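turn this into a model:
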Amino acid sequence: MSYMEQYRVKIDKQGRIIIPSKVRKLLGLEPDSEFLLDIRNNTIILEPVRNDMDQIIDEWYEKMLNMKVRAKGLESIPSIWMSESYVKRKLGLD
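Here you go, the predicted model:
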């Protein structure tokens, strides 16, 4: 998702800025949301900290399973060290 909009905001006496409600809704920001603040070439960049990484990984994994594409050159060769069921269980694929 890529958006190119600008909003004019002010800094209050305590050094706070208000993020417009449209932006908060668009990005799913809630009270007490955390951000990373970067300074690059005299520009302030605020990036929301993602706390839903498990959900993102689960969604990515489901998308990969649904692609039905197999990597070339990968074969499942039985190992004398680990069984296939053990590996799948450790990777959470069982």
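
for the record, mean pLDDT for the helix or strand hosting D58?
Following DSSP states H and E, one finds D58 within helix 53-67. Mean pLDDT, helix 53-67: 83.

alpha carbons of the helix or strand just after that helix, as PDB, please.
Of the helices and strands lying after helix 53-67 in sequence (DSSP H and E), the nearest is helix 84-90. Extracted C-alpha coordinates of helix 84-90, given in PDB (Å, rounded to 0.1, in the frame of the first residue of the first chain):
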ATOM      1  CA  GLU A  84      11.100 -36.000   7.900                       C
ATOM      2  CA  SER A  85       8.300 -36.000  10.500                       C
ATOM      3  CA  TYR A  86      10.700 -34.700  13.200                       C
ATOM      4  CA  VAL A  87      11.800 -31.800  10.900                       C
ATOM      5  CA  LYS A  88       8.200 -31.000  10.000                       C
ATOM      6  CA  ARG A  89       7.200 -31.000  13.700                       C
ATOM      7  CA  LYS A  90      10.100 -28.600  14.600                       C
END
